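Colleague: Give me a model of this one.
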Amino acid sequence: MKMRARPYNLRGRLVLLGGVLGCCGVVLVGRAAQMQLLDQDFYAKQGDQRFLREVPIATSRGMIVDRNGEPLAVSTPVESVWANPKELLKHADRLPELADALGIPREVLTQSIAQRAGKEFVFLRRRINPDDAEAVVARGIPGVYKQREFRRFYPHGEVMAHVLGFTNIDDHGQEGLELAFDQWLTGKAGAQRVIRDRRGHIVENVDLIRAAEPGKDITLSIDRRIQYLAYRELKSALIENGAVSGSAVVIDVATGEILAMVNQPAYNPNARSAAEPGAHRNRAATDVVEPGSVIKPFTVAAALEAGVDPNIIVDTNPGWMMLGKYRISDVHNHGAVDLTHLLSYSSNIGAAKLGIDMTSEHLYDVLHRFGYGDSTHSGFPGESSGVMAPPQTWGMVKRGSISYGMGVSVTPLQLAQAYATIANGGKRMPPTFLKGGAGQPVQAMSPKIAGEVLAMLENVTLPGGTAQQAAITGYHVAGKTGTARTASGGGYSRKYVSVFAGVVPMDRPKFAMVVVINQPSRGTYYGGLVSAPVFHNVMEGALRLMDVPPDHVEQWYAARPAPASAAPAPPAVATPALAAPAEDDGVGL
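Modeller: A predicted model of the protein is given here:
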């Protein structure tokens, strides 16, 4: 029986096809609705990740200026070149061109990019000249971009190096006041949202997320003019005397403001990689020395406070004495001396006898009140507190040796603070690096005793004293020399530290200055011949710069050149130049 073929149902097939297409349309519309309505945030975020970027807005570090507003540290705009390794490696054939443009060895650049193949950001060159960065980016190498940064610049180079310190490549303080005030100086980077094209170029700024806040400025107590004087004279003294290192500190007596602080050897913070090892540290605040005879005024002050008659006569005959099992001596036998000549002759025996007659607790207390054995709290990073053992450990030998400056170690900054305290009527001001940053004073000694000791110290700079070269025409100068051997291997070497500490003018003290020169090697090593001239040269200039009037007017007028119409003076008789008497350095201990 023959089967009949079913008729072709075109209409049914069209209906089925239409139904399938209709269902697909419904699914597509539903999916589109889901994506655009329900999942809108997710897909918008995905799209933004491909084109929308949040980029930082660089901000400058605060400026550091001296007390007169002169810039000492400034931030200048520079550019950094960076790359997206993922994108750059797609065009690896251009790596040699990029290396040549950056001045980097080709193999170094290739290896560096290959090691970061999975990352999207790597710096190629940091903080370079904007024109150089633009020349690199202008080559159109895919994945290579630039961004704005700031670089620290120090206009005065090594003159200010030890005070200011420096910042690292990310512009954060690493040494000195840059480190001490890093949080204050550091600005807060801003951020903005931008749209980038496929080549990474910004095509639209969408909105500002966070405004950049520049760092705050700081006004230091430092006077760049006095700082330069101290730097120049200290460097000259080191060269002239063949010394290893040196420090100088100048303090405003009334406020404790540090007007100058310099060290040698120095370094250039703009090119610090070339500096010698150890040159970065601020020796004036971090290194300690045995002060030698500059401690003697405080021994005298302690004796006066203990009730010793200011007119006492101390017998230093025969020029030496036994201190325990040690023999100490003076350079000359000074015989019987009063306190003024004990200081001007710098008698070790006289100072030791004063110290022995006091209790250890009393001598320690007086020295500690002047700041010895404790940090000055200047805020300088790494500042040393010096070394002074507790009085319970002092015997007669220790007490006697400390009385003339051995067995105790101090920083130049501590010495400057102590001499400023004597000049300030016994009122100790904490040293500060900030203009107007004076702290609370501490009365370390009665004004009467401080005044008596200050008056005695003038004799040191007069004819017959050990520091005649510190004298300044027209001004009364008070000061004290010190010469001490350097410690070595549990004893003392034949190398010396030359020190001078002084105050000027005496009537209304303005400046206290300390000069420390380590290991002079060309003949003389006494503080009066090595360090005192530095004090004279710096203070003579500082008095003029700060318009400090003379307090020894008669001498000032006498030293003025005679008018041209005046009668010629009789010919002068040639006389040998005065050399400062040798001071005692306590070599017997």
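Colleague: CA atoms for contacts and neighbours, from now on please.
Modeller: Fine.
Colleague: What's the per-residue pLDDT of residue 337 here?
Modeller: Turning to residue 337, the model gives it a pLDDT of 94.
Colleague: So which residues of the stretch 51-200 of the chain form strands?
Modeller: 52-57, 64-65, 71-83, 122-128, 144-153, 190-196 (DSSP state E, counting those that start in this stretch).
Colleague: which secondary structure elements does the shortest one contact?
Modeller: With contacts taken as 3 or more CA pairs under 8 Å, 6 or more residues apart in numbering; DSSP states H and E, strand 64-65 sits against strand 71-83, strand 218-219.
Colleague: buried stuff in the first one?
Modeller: Of the residues in strand 71-83, those with enough neighbours to count as buried (16 or more other CA atoms under 10 Å) are 71-75, 77-83.
Colleague: Stretch 173-187 too?
Modeller: Those would be 173-182, 185-187, for stretch 173-187 by 16+ other CA under 10 Å.
Colleague: And for stretch 122-135?
Modeller: Buried, per 16+ other CA under 10 Å, within stretch 122-135: 122, 124-128, 130, 132-133.
Colleague: hmm, back to that, ok, of the helices and strands packed on strand 64-65, where does mean pLDDT dip lowest?
Modeller: Of all the helices and strands packed on strand 64-65, strand 71-83 has the smallest average pLDDT, which comes to a mean of 90.
Colleague: partners of that strand, with directions?
Modeller: With DSSP bridges as the test, strand 71-83 is paired with strand 64-65 (antiparallel), strand 122-128 (antiparallel), strand 144-153 (antiparallel).
Colleague: Would you tell me which helix is longest in the chain?
Modeller: With secondary structure taken from DSSP state H, the chain has its longest helix at helix 10-33.
Colleague: what about stretch 552-568, average pLDDT?
Modeller: 63.
Colleague: brain fart, stretch 29-38
Modeller: Computed over stretch 29-38, the average pLDDT equals 73.
Colleague: any idea how far that stretch is from the chain center?
Modeller: Chain-centre distance of stretch 29-38: 65 Å, with CA atoms, centre = their mean, to the nearest Å.
Colleague: Could I get the CA-only coordinates of it as PDB?
Modeller: Written as PDB, here are the backbone C-alpha positions of stretch 29-38 (Å, rounded to 0.1, in the frame of the first residue of the first chain):
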ATOM      1  CA  VAL A  29      15.900  42.300  26.300                       C
ATOM      2  CA  GLY A  30      15.900  40.800  29.700                       C
ATOM      3  CA  ARG A  31      19.700  40.400  29.700                       C
ATOM      4  CA  ALA A  32      20.100  44.000  28.600                       C
ATOM      5  CA  ALA A  33      17.700  45.200  31.300                       C
ATOM      6  CA  GLN A  34      19.600  43.200  33.800                       C
ATOM      7  CA  MET A  35      23.000  44.700  32.700                       C
ATOM      8  CA  GLN A  36      21.700  48.300  32.400                       C
ATOM      9  CA  LEU A  37      19.400  48.400  35.400                       C
ATOM     10  CA  LEU A  38      20.200  45.700  37.900                       C
END
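Colleague: List the buried residues in it.
Modeller: Per 16+ other CA under 10 Å, stretch 29-38 contains no buried residues.
Colleague: do stretch 355-364 as well
Modeller: 355-356, 358-360, 362-364.
Colleague: Send me that stretch as CSV with only the CA atoms.
Modeller: Presented in CSV, the C-alpha positions along stretch 355-364 are these (Å, rounded to 0.1, in the frame of the first residue of the first chain):
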residue,chain,number,x,y,z
GLY,A,355,87.5,70.2,93.3
ILE,A,356,89.0,68.0,96.0
ASP,A,357,87.7,70.3,98.7
MET,A,358,84.1,70.0,97.5
THR,A,359,81.8,67.0,97.7
SER,A,360,81.2,64.9,94.6
GLU,A,361,77.5,65.5,94.9
HIS,A,362,77.9,69.3,95.0
LEU,A,363,80.3,69.4,92.0
TYR,A,364,78.1,67.0,90.0
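Colleague: contact partners of stretch 518-525?
Modeller: 238, 240-246, 483, 495-498, 530 (CA atoms under 8 Å, 6 or more residues apart in numbering).
Colleague: swap in stretch 246-255?
Modeller: By CA under 8 Å, 6+ apart, stretch 246-255 touches 230, 234, 238, 257-265, 283-284, 412-413, 416-417, 420-421, 423-424, 429, 431, 438, 509-518.
Colleague: Return the distance of that stretch from the chain's centre.
Modeller: 14 Å.
Colleague: Next: stretch 442-451.
Modeller: On CA atoms, centre = their mean, the centre of stretch 442-451 falls 30 Å from that of its chain.
Colleague: Now the terminal residues of that stretch, how far apart.
Modeller: End-to-end distance for stretch 442-451: 16 Å, by CA to CA, to the nearest Å.
Colleague: Spatially nearest residue to the residue most central in space within the chain, not counting backbone neighbours?
Modeller: Relative to the mean C-alpha position of the chain, the nearest C-alpha, by CA atoms, centre = their mean, is the one of residue 163, at 2.4 Å. Of all residues not flanking residue 163 in the chain, residue 176 sits nearest, at 5.5 Å (CA to CA, 6 or more residues apart in numbering).
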